[in-house]
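K.L.:
Would you be able to build a 3D model of this:
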Amino acid sequence: HVARKYLEEVYALALKLAGAISESLGLNKDYIEISLCHGLQIVANNYYPPCLEPDRMLGVSPHSNHEGLVILIQNDVDGLQIKHGEDWVAVRHIPGTFVVNLGDYLEKLSNGKYKSVEHRAVANNCSGPWA
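P.N.:
Next up is the predicted model:
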């Protein structure tokens, strides 16, 4: 029951964001939702615990996502990085917040007005509750 409620709320957030993006492109508010056949929600769970030997781990290679929006909740182990220009920038965990990445679909739909976010996950050692 808790997972279902969470997914319903995240989906509602995605629809609000998609509506705002549609309007910013001069389209009807429901354009992106309709173009995705009234929405598609995929759940992927990845757990990245602190790594005691991060120099020996690969992490997740740089990539962008094919979806429209990725709504991510992070744990308190900072490992997510985004590409900004030529640099990799750490996305710090802020409790109670989401990270929203735009995917390839929105870059194509907007003719490049919105850019897909290249990102990666790096192994990280932290002094959090698991260390």
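K.L.:
Going by C-alpha atoms from here, please, whenever you check contacts or count neighbours.
P.N.:
OK.
K.L.:
distance of the nearest residue to Ala18 once chain neighbours are set aside from Val99?
P.N.:
Distances taken as C-alpha to C-alpha, 6 or more residues apart in numbering place Ile32 nearest to Ala18, at 6.0 Å, with adjacent residues excluded. As judged by C-alpha to C-alpha, to the nearest Å, Ile32 and Val99 stand 20 Å apart.
K.L.:
ok, back up a step: please look at the residue nearest to Ala18 and Ser24 and confirm they touch.
P.N.:
No. Ile32 is beyond contact range of Ser24, at 11.5 Å (criterion: C-alpha atoms under 8 Å).
K.L.:
Tell me which of these two has more neighbours.
P.N.:
Neighbours per residue, other C-alpha atoms under 10 Å: of Ile32 and Ser24, the larger number sits with Ile32, 24 against 13.
K.L.:
May I have stretch 55-69 as PDB, with CA atoms only?
P.N.:
Written as PDB, here are the backbone C-alpha positions of stretch 55-69 (Å, rounded to 0.1, in the frame of the first residue of the first chain):
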ATOM      1  CA  ASP A  55      39.100   3.200  -6.100                       C
ATOM      2  CA  ARG A  56      38.500  -0.500  -6.900                       C
ATOM      3  CA  MET A  57      34.900   0.000  -8.100                       C
ATOM      4  CA  LEU A  58      33.600   1.000 -11.500                       C
ATOM      5  CA  GLY A  59      30.300   2.700 -10.600                       C
ATOM      6  CA  VAL A  60      27.800   3.300 -13.500                       C
ATOM      7  CA  SER A  61      29.200   4.600 -16.800                       C
ATOM      8  CA  PRO A  62      28.200   8.000 -18.200                       C
ATOM      9  CA  HIS A  63      24.800   7.900 -20.000                       C
ATOM     10  CA  SER A  64      21.600   9.700 -20.600                       C
ATOM     11  CA  ASN A  65      18.100   8.200 -20.200                       C
ATOM     12  CA  HIS A  66      15.800   7.600 -23.100                       C
ATOM     13  CA  GLU A  67      12.700   8.500 -21.100                       C
ATOM     14  CA  GLY A  68      11.100  11.900 -20.800                       C
ATOM     15  CA  LEU A  69      11.600  12.500 -17.100                       C
END
